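Trainee: I would like to see how this sequence folds:
(2 chains)
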Amino acid sequence: MVSNDAYKALESVMDPEIPTLSVLDLGMITNVAVNEKNVNVKLLPTFVACPATFYIKKNITDALQHAGFEWVEVDLETEMSWTSDRISDVGRKKLEAFGLGAPVQIDGVLNLDQIEHVACPHCGSSNTELRSMFGSTLCRSIHYCLDCKQGFERFKPL
Amino acid sequence: MNETVKNLLYRIADDELIIGHRNSEWTGLGPILEEDIAFSSIAQDQIGHALANYGLLNEHFGEPIPDIIAFSRNEKEFHSSQFVELPIGDYAFSLMRHFLFDHAESIRFEMLSHSSFAPLASLAKKIKGELKYHTLHADLWIKKLGQGTEESHARMQTALNEAFPYALGMFEPSKYDEELKNENIFEGETTLQTKWLEVITPILEKGNLQLPSLPIKERMYGGRQGYHTEYLQPLLDEMTEVYRLDPAATW
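Mentor: A predicted model of the protein is given here:
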């Protein structure tokens, strides 16, 4: 088997809290090593306290076994930190289609401006305000669009 | 050397676990929905940060798995500061503790992100980014309530006066500080405290809040060595109630 088989399987492993976004869209995979029917995947967790990490790890193992790999190993990547800048362009579009605002690029330093300002995923207006830095999951904040008068959540920049 | 790093990790993780437990007591009781969610999320982060640090103890120093470390020790074995075990009080007190604690943690992890103990440096880099949300949230309320009405200002000042002697207990010097510094693992509690005062003072001033001046003997030390207030053991009893029914249960 080749690494393309593994990537194809990984495309089907979704974030349980945002089921249209795969682990690849989120930039959670840092390495895939295939050797015949063996595969080793490096998984980069998002938020330290994200309760979905171990569930995702299990889903990756299941998906790769289902794709035909006989020996599957998923290691947690600890050498580097995940940042929302790792979310792909496709991932950002999927977030908006799901009704969540996308995080802006932070390039290493997060400030209040980046947390407060986001375009409304419903009407595209940038006339929005931050209602709460904490939302229904660890990775979401709550905002309100002053143009279309709708509340919405956003995937937090980190 | 091992004992030194272990002690540091226990201090950090125990603080996170106990304050996380306290902050979770606001779940369902927050004064407004957004604050209820904020304290619940902050608590979730803190329990996660405790888990990650207990994980380092397990992985690198042969300590038991995190659940056992967290749920099977009595108060004497906890290295948390007395500050984190105090009851939640009114919302002013909880907000003030959140402000004082999260700024200290934020600076602590910034310092640790340069640690010579690589696994801790890597974890600290990750955690310090998440703490940005905690400190920005706290700063907002310090300013808002400090500048608000006469009553909100008075309650925040009272909370600061009550919290401050205990907050200084977070920086209780330890016999391990010198080695931690010499080995470039952690610059030490005294440096941390100095940096912390530099950060919190101007923010408190924006809310017209004044740091009480305190003689050194009024700093609430002891927690790091296992001397706790009457509030820790009842918290542990409650936190471990389910675990103790069947410690070997799997979920």
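Trainee: tell me the secondary structure for the closest residue to chain A within chain B?
Mentor: Nearest to chain A, among the residues of chain B, is B:Gly48, at 2.1 Å (Cβ to the nearest Cβ). C-betas here are computed from N, CA, C, even on glycine. Assigned with DSSP: H, G, I helix; E, B strand; the rest coil, B:Gly48 falls in the helix class.
Trainee: what separates it from B:Leu112, distance-wise?
Mentor: In this structure, B:Gly48 and B:Leu112 are 16 Å apart, going by Cβ to Cβ, to the nearest Å.
Trainee: Spit out the contact partners of the residue of chain B closest to chain A.
Mentor: B:Gly48 makes contacts with A:47-50, as judged by Cβ atoms under 8 Å, 6 or more residues apart in numbering or on different chains.
Trainee: do the same with A:Gly27
Mentor: The neighbours of A:Gly27, taking Cβ under 8 Å, 6+ apart as the test, are A:44, A:82, A:85-88, A:91.
Trainee: pLDDT weak spots in the stretch 101-250 of chain B?
Mentor: In the predicted model of the stretch 101-250 of chain B, residues B:216-217 satisfy pLDDT under 70.
Trainee: The same query, at a cut-off of 80, please.
Mentor: Within the stretch 101-250 of chain B, the ranges that satisfy pLDDT under 80 run B:214-217.
Trainee: what's the pLDDT at B:Asn2?
Mentor: On pLDDT, B:Asn2 comes in at 91.
Trainee: Find the residue closest to it in space, skipping its chain neighbours.
Mentor: Excluding its sequence neighbours, the residue lying closest to B:Asn2 (Cβ to Cβ, 6 or more residues apart in numbering or on different chains) is B:Phe61, at 6.0 Å.
Trainee: number of nearby residues for that neighbour?
Mentor: The tally of other residues near B:Phe61 (other Cβ atoms under 10 Å in any protein chain shown) stands at 13.
Trainee: B:Asn161: which of the contacts of B:Gly48 is nearest?
Mentor: The closest of the contacts of B:Gly48 to B:Asn161 turns out to be A:Ala49 (Cβ to Cβ; 32.0 Å).
Trainee: Hmm, B:His49 and that closest one touching each other?
Mentor: Yes. A:Ala49 is within contact range of B:His49, at 6.8 Å (criterion: Cβ atoms under 8 Å).
Trainee: Give me the more crowded residue out of the two.
Mentor: In this view A:Ala49 and B:His49 are compared by other Cβ under 10 Å, and B:His49 has more residues nearby, 26 against 22.
Trainee: and A:Asp75, how many neighbours?
Mentor: Each residue near A:Asp75 was counted by other Cβ under 10 Å, and the total is 12.
Trainee: any idea which element it lies in?
Mentor: strand A:71-76 (DSSP states H and E).
Trainee: What pairs with that strand, parallel or antiparallel?
Mentor: Within its sheet, and counting by DSSP bridges, strand A:71-76 is paired with strand A:38-43 (parallel).
Trainee: ok, and what's touching the helix or strand following the partner strand?
Mentor: Using DSSP H and E, the next helix or strand after strand A:38-43 towards the C-terminus is helix A:53-66. If you take Cβ under 8 Å, 6+ apart as the criterion, helix A:53-66 is touched by A:6, A:9-10, A:12-16, A:23, A:28, A:39, A:41, A:43, A:45-46, A:72, A:74, A:76.
Trainee: Smallest gap between chain A and chain B, at which residue?
Mentor: With Cβ to the nearest Cβ as the measure, the residue in chain A that lies nearest chain B is A:Ala49; the distance is 2.1 Å.
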